[in-house]
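K.L.:
Predicted model, plus sequence, below.
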Amino acid sequence: MMITKEESRLNIHLKEVRLETFEKGCPFMLHDSEINTEGFIYEYPDGSMKLMNLADDLQTIIEVRALTPAETADIRQKLNLPAFQYA
C-alpha cells in the first residue's frame, strides 16, 4: 500500500503530537476499530496502555482494564509506534 505525501506529513505530525502529549504527562489516545470496536486505548508516558470506554453520558471516560505487556507490544507493532518510556 502506497502512502501519499499528505498521509506521510500527517503521520509525522501525529508522532510529534504524541511526544508533546507525553512531555506534558498526559495520556495519548489511540483508536483502531480492529483493536477495539467500542472504545479506545490510552497510552501513558510510562509506556503502559489501558483500554477505555465512554460512559452512557458520552462524557465520562471509564477504564476497562490495563493491557498486558504482550498486548501493548502487539499494538505498538500493528500501529508502528516506537516503544519508549517518557516518564
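P.N.:
Perfect, I can see it now. Residues are numbered from 1 along each chain as shown.

K.L.:
Tell me the predicted confidence for the spatially most central residue of the chain.
P.N.:
Nearest to the geometric centre of the chain sits residue 30, at 2.9 Å (Cα atoms, centre = their mean). We have a pLDDT of 92 for residue 30.

K.L.:
Against residue 80, how distant is it?
P.N.:
With distances defined as Cβ to Cβ, to the nearest Å, the gap from residue 30 to residue 80 amounts to 12 Å. C-betas here are computed from N, CA, C, even on glycine.

K.L.:
before we move on, what about residue 22?
P.N.:
17 Å.

K.L.:
go on, residue 18?
P.N.:
Taking Cβ to Cβ, one finds residue 18 at 12 Å from residue 80.

K.L.:
mind listing what the nearest residue in space to residue 53 that is not next to it in sequence touches?
P.N.:
Setting aside the residues directly before and after it, residue 53 is nearest to residue 39 in space (Cβ to Cβ, 6 or more residues apart in numbering), at 3.9 Å. Counting by Cβ atoms under 8 Å, 6 or more residues apart in numbering, residue 39 makes contact with 51-54, 64.

K.L.:
Tell me how far residue 39 lies from residue 15.
P.N.:
Applying Cβ to Cβ to residue 39 and residue 15 gives a distance of 23 Å.

K.L.:
Could you point out the longest helix of the chain?
P.N.:
In the chain, taking DSSP state H as the definition, the longest helix is helix 5-23.

K.L.:
list the buried ones in stretch 40-54?
P.N.:
With burial defined by 16 or more other Cβ atoms under 10 Å, the residues of stretch 40-54 counted as buried are 40-45, 49-52.

K.L.:
of those residues, closest to residue 70?
P.N.:
Ranked by distance to residue 70 (Cβ to Cβ), those are led by residue 49 at 11.3 Å.

K.L.:
Quick check: residue 65 is in a helix.
P.N.:
No. According to DSSP: H, G, I helix; E, B strand; the rest coil, residue 65 belongs to no helix; its state is strand.

K.L.:
Now that it has come up, it's in contact with residue 52, right?
P.N.:
No. Residue 65 lies out of contact with residue 52 (Cβ atoms under 8 Å); the separation is 9.4 Å.
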